[in-house]
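Student: Sharing a model prediction with you, sequence too.
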Number of protein chains: 2
Amino acid sequence: MASITRDQKLDALLAVAAQVFAARGYHDTSMRDLARAAGMPLASVYHYTKSKDQLLYLIQTRNFDAVIAGMHGALEGVSDPVERLSRFIDNHLDYFASHMAEMKVLSHEAGALTGDFLHEVNEKKRAYTRVLMDILADVERAYGPAHANRRVAAYSLFGMMNWIYNWYDPLGDLGVELLSQNVRRIFLGGYVGFPVADAALPRASAG
Amino acid sequence: MASITRDQKLDALLAVAAQVFAARGYHDTSMRDLARAAGMPLASVYHYTKSKDQLLYLIQTRNFDAVIAGMHGALEGVSDPVERLSRFIDNHLDYFASHMAEMKVLSHEAGALTGDFLHEVNEKKRAYTRVLMDILADVERAYGPAHANRRVAAYSLFGMMNWIYNWYDPLGDLGVELLSQNVRRIFLGGYVGFPVADAALPRASAG
DNA sequence: GTTGCCATCGAACGATCGTTCGATCCCGCA
DNA sequence: TGCGGGATCGAACGATCGTTCGATGGCAAC
């Protein structure tokens, strides 16, 4: 059972690393900082991970994989494009809000990866962006020309959603459902217009 | 004339530093990297600046001050709230697109400042955000309740605008006016709804 | 022509970085 | 009871960090 304990310790180390990387930034965090935060000697950190690079990579891929898996589950069997768009947004924000440190590391430390690690994560981002772009294309097919350029719209939505690590507190007054509802309303209302957007958001209010 | 030359050299150094910080990140850039990029010996860098911290601070304040000054100029004498909102967005994106490196450093390296430097820049951000929030409040007063929570809307707009350093190429196919127009349409359409938004955007098209 | 000042810059400072080594420990199994 | 292998961890490695020092150069003022 040694390998189970080992994996669990790595998981715990990754959880600590995500918190510290999110708080201080990847390059400003030393392996000694990590060791102190994890309550183990420096050399022990290297017993569970190969390098600092790899810790960052593991935080990024594992969480991005979870976001992507959640998205595929949320879209499964849903055909209405506006409803698919709604679910894409909800999944992204729900996961972000419940894994703020990890998602801040994914969003903010994108440029800290190098080599194969960077290529692999970038490839996932490309595919994830493609899913959103395809949904936007479907929206336009179903409801006529949108009110904004598709590429600008896609990156604007990612900007709205990924920027939340700069201001949003999941434990504060504004609940995740309300955050998600407002983002959906702003984006859907701006991209497809309100009659259509509201049809997919029957319970929406300005909050 | 020694002080003029000195100031000009500092300006040039700041321009180089903004490029390098934007490309490699603040903490991953060494003063030796800066010296090499600026074509001067390491010790000469310290002849024009006090510290690495101060270089980052100067890049951030000087450019943020320019954004704020441009905004006040753009809003001067304009009373219609939707028109004010349009101009706020245009000013922000115009400056961002024409100073991508500096604005990436301002947006992305916000957490790299410390102490008084951090407090001063954060105070400017607070005031700048306040201007936007006040405009949004005026919009609601003039056109009735908006379609989204004001705070979420404000940070969503900043997210849309500040995220562009991750994808936008000012020299590419998509011109700045078109970028700005699309962002205005998405945000105004989502926040106040289209009849009102379009009234302030007579020349808008989806691009 | 001499004096004084500022720009220049090679060399070095102590600190800290990511990483590794090798000794010691603990514990399940013969 | 003794053996073997992974877990633990203090200490050290060479490299690089931000910063400083002190020597040198050129030029303006007298």
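Tutor: Good, I have the coordinates. Residues are numbered from 1 along each chain as shown, chains lettered A, B, ... in the order given.
Student: Can you name the residues of chain A sitting close to DNA strand D?
Tutor: Contacts of chain A with DNA strand D, taken as C-beta under 7 Å from any atom of the strand, map to A:2-3, A:5-6, A:9, A:40-44, A:47. Using the backbone N, CA and C atoms, a C-beta is placed for each residue, glycine as well.
Student: Could you list the low-confidence segments of chain A?
Tutor: Scanning chain A with the threshold set as pLDDT under 70 gives A:1-4, A:199-207.
Student: One more pass at 50, please.
Tutor: A:1-2, A:202-207 (pLDDT under 50).
Student: ok, which stretches of it are helices?
Tutor: A:2-24, A:31-38, A:42-48, A:52-75, A:81-98, A:100-108, A:115-143, A:150-162, A:176-191, A:194-199 (DSSP state H).
Student: quick one, which of these is nearest to residue B:105?
Tutor: Across the helices of chain A, the minimum distance to residue B:105, taken as C-beta to C-beta, is reached by helix A:100-108, at 13.7 Å.
Student: who does that closest one touch, helix- and strand-wise?
Tutor: Other elements packing on helix A:100-108 under the criterion 3 or more C-beta pairs under 8 Å, 6 or more residues apart in numbering or on different chains; DSSP states H and E are helix A:2-24, helix A:52-75.
Student: what's the closest of these to DNA strand C?
Tutor: helix A:52-75 (3.7 Å; C-beta to the nearest atom of the strand).
Student: anything in that closest one sitting right up against DNA strand C?
Tutor: Yes. Shown here: helix A:52-75 in contact with DNA strand C (C-beta under 7 Å from any atom of the strand) through A:52-53.
Student: quick one on the thing from earlier: make TSV from the helices of chain A and add mean neighbour count to it.
Tutor: Shown next, in TSV, are those (neighbours: other C-beta atoms under 10 Å in any protein chain shown):
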stretch	mean neighbour count
helix A:2-24	16
helix A:31-38	16
helix A:42-48	14
helix A:52-75	18
helix A:81-98	21
helix A:100-108	22
helix A:115-143	15
helix A:150-162	23
helix A:176-191	25
helix A:194-199	17
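Student: Which residues of chain A lie near DNA strand C?
Tutor: A:29-33, A:42-43, A:46, A:50-53.
Student: which of the residues you listed are close to chain B?
Tutor: Counting by C-beta under 8 Å from any C-beta of the partner chain, the subset of these that neighbours chain B is empty.
Student: Can you tell me which of those residues is nearest residue A:109?
Tutor: Once C-beta to C-beta is applied, the member of these that ends up nearest residue A:109 is residue A:29, at 10.2 Å.
Student: Surely the closest one touches residue A:21?
Tutor: Yes. Using C-beta atoms under 8 Å, residue A:29 is in contact with residue A:21, at 5.7 Å.
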